[in-house]
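>>> A structural model of the following input is requested.
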Amino acid sequence: MKALAASGLADISALVDPQPTMIRSALEAVPRAEVLPSFDTLLASGIDGVVIATPSAMHADQARAALNRGIAVFCQKPLGISAEETRRAIDAARHSDSLLRVDLCYRFLDGMTKIRQLVESGGLGDIFHLELKFHNAYGPDKEWFYDPARSGGGCLIDLGIHLVDLALWLLDFPPVKTVTGNLLAQGRRFKGRAAEVEDFAQATLEFAGGASAQIGCSWKAHAGQDAVIDVTILGTKGGARLRNANGSFYDFVAEQYTGTSRRTLSEPPDEWGGRAAVDWLTELCKGNRFDPTAKEFGVVADLIERIYEQ
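Next up, the predicted model:
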């Protein structure tokens, strides 16, 4: 919200939140915004776009309600807690010709952007393997994350969704041939999404072209630091890696590898917080409507569901 306000591209005109403490905090950043009593009131207030940052199980219905009115949507991930929910939201955007984006924010890191450019240019040769990790020494600080009915899942849908998205995005969304996975809750076999939330998830994606991706994520990990966030790419001509610096959630270093040599692609500082939302707002201000790449959100949701089914 602060990034959107600072961009100067739009007015943050109205806020809705059931928790007064959240409203008071938001008003410190945007004191001229009007506080409205409900989401329906917000949609009827004449806004051009809405940012949805509610518990995950509410995302799809709220997104569809806005999109059906022709209101552009920027939604926190996941867009839906099932593949079917996600597809319905994308269909609503298509039918109303409205701009829809999801906050898959790690695409917008300077280092990740440069690594993707390397992949696209052939600078790493043919990519044959990716390893992606997101281990968090903490768990979410809101109780709804631990309720499967409101969260739709645990660390996989919370953190792993970024890793699945990056693996696909870096390779330009190739067909996925096979999916295997293993989920745990407090060190024991996961009982299923309806019963509990997982705190460890591991998955392997095998792509039709022969490449593969290994994905691992967890909450409350004994990581020795705040977080371990790491994306490593192996190609026939070279490799690349993005890693968080000193356990930080915000600072990242990206490097390119050739044999035993390395080249720095990006390092802190990189003010990437809110960059995905500002990109959505920029496209909205240009008058851009439905973006066909929204189908990517459905592909990611389908793979998350396939991992849970394992």
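>>> surely residue 273 is in contact with residue 249?
No - if you go by Cβ atoms under 8 Å, residue 273 and residue 249 don't touch, sitting 10.0 Å apart. From N, CA and C alone the C-beta is placed, and that goes for glycine too.
>>> any stretches of this structure with poor pLDDT?
Applying pLDDT under 70 to the chain picks out no residues at all.
>>> now for the nearest residue to residue 52 once chain neighbours are set aside: which residues touch it?
For residue 52, the nearest residue in space outside its immediate sequence neighbours is residue 75; the separation is 4.5 Å by Cβ to Cβ, 6 or more residues apart in numbering. Residues touching residue 75, when contacts are defined by Cβ atoms under 8 Å, 6 or more residues apart in numbering, comprise 51, 52, 59, 62, 63, 89, 100, 101, 102, 103.
>>> and the fourth one, how close does it get to residue 53?
Right, the one you point to is residue 62. 10 Å (Cβ to Cβ, to the nearest Å).
>>> returning to what we had before: the residue nearest to residue 52 bridge partners, please.
residue 52, residue 102 (DSSP bridges).
>>> repeat that for residue 230.
Residues found in beta-bridge contact with residue 230 (criterion: DSSP bridges) are residue 133, residue 243.
>>> so is the residue lying closest to residue 237 once chain neighbours are set aside in a helix, a strand, or just coil?
With sequence-adjacent residues excluded and distances taken as Cβ to Cβ, 6+ apart, residue 237 is closest to residue 125, at 3.1 Å. Taking DSSP: H, G, I helix; E, B strand; the rest coil as the rule, one finds residue 125 in the coil state.
>>> in contact with the residue of the chain most remote from its centre, which residues?
For the chain, the residue at maximal distance from the C-alpha centroid (Cα atoms, centre = their mean) is residue 260, at 32.7 Å. Listed by Cβ under 8 Å, 6+ apart, residue 260 has no contact partners.
>>> same deal with the one 10 residues further on?
Under the criterion of Cβ under 8 Å, 6+ apart, the contact list for residue 270 reads 109, 110, 111, 251, 252.
>>> so the spatially closest residue to the third one that is not a sequence neighbour: helix, strand or coil?
With Cβ to Cβ, 6+ apart as the criterion, residue 111 has its nearest non-adjacent residue at 2.7 Å, and that residue is residue 254. With three-state DSSP as the basis, residue 254 sits in strand.
>>> could you shift the numbering so residue one becomes 6, and keep it that way?
Okay, residue one is now 6; in that scheme the one you just asked about reads as residue 259.
>>> residue 259 pairs with what?
residue 247, residue 271.
>>> run a quick neighbour tally on it.
23 (other Cβ atoms under 10 Å).
>>> contact partners for it?
Under the contact definition (Cβ under 8 Å, 6+ apart), the residues listed for residue 259 are 114-117, 119-120, 245-247, 269-272.
>>> ok, it to residue 248 distance?
In this structure, residue 259 and residue 248 are separated by 8 Å, where distance is defined by Cβ to Cβ.
>>> just residue 139 next, same as before
When distance is defined by Cβ to Cβ, residue 139 is 11 Å away from residue 248.
>>> what do you get for residue 219?
On the measure of Cβ to Cβ, residue 219 and residue 248 end up 16 Å apart.
>>> do the same with residue 212
Using Cβ to Cβ, one gets 23 Å for the distance from residue 212 to residue 248.
>>> for residue 75, phi and psi?
Main-chain torsions, residue 75, degrees, to the nearest 10: phi 80, psi 20.
>>> wait, what's in contact with it?
101, 102, 103.
>>> need those residues in CSV (columns: distance to residue 185 and neighbour count).
What follows is these, written out as CSV (distance: Cβ to Cβ, whole Å; neighbours: other Cβ atoms under 10 Å):
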residue, distance to residue 185, neighbour count
101, 38, 19
102, 39, 10
103, 37, 23
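>>> tell me the one of those residues nearest residue 22?
residue 103 (23.2 Å; Cβ to Cβ).
>>> tell me the secondary structure at the closest one.
Taking three-state DSSP as the rule, one finds residue 103 in the coil state.
>>> quick check: the residue positioned nearest the centre of the chain vs residue 313, distance?
By Cα atoms, centre = their mean, the mean C-alpha position of the chain lies nearest to residue 109, the distance being 2.7 Å. Between residue 109 and residue 313 the computed distance is 19 Å (Cβ to Cβ).
>>> good, wrapping up.
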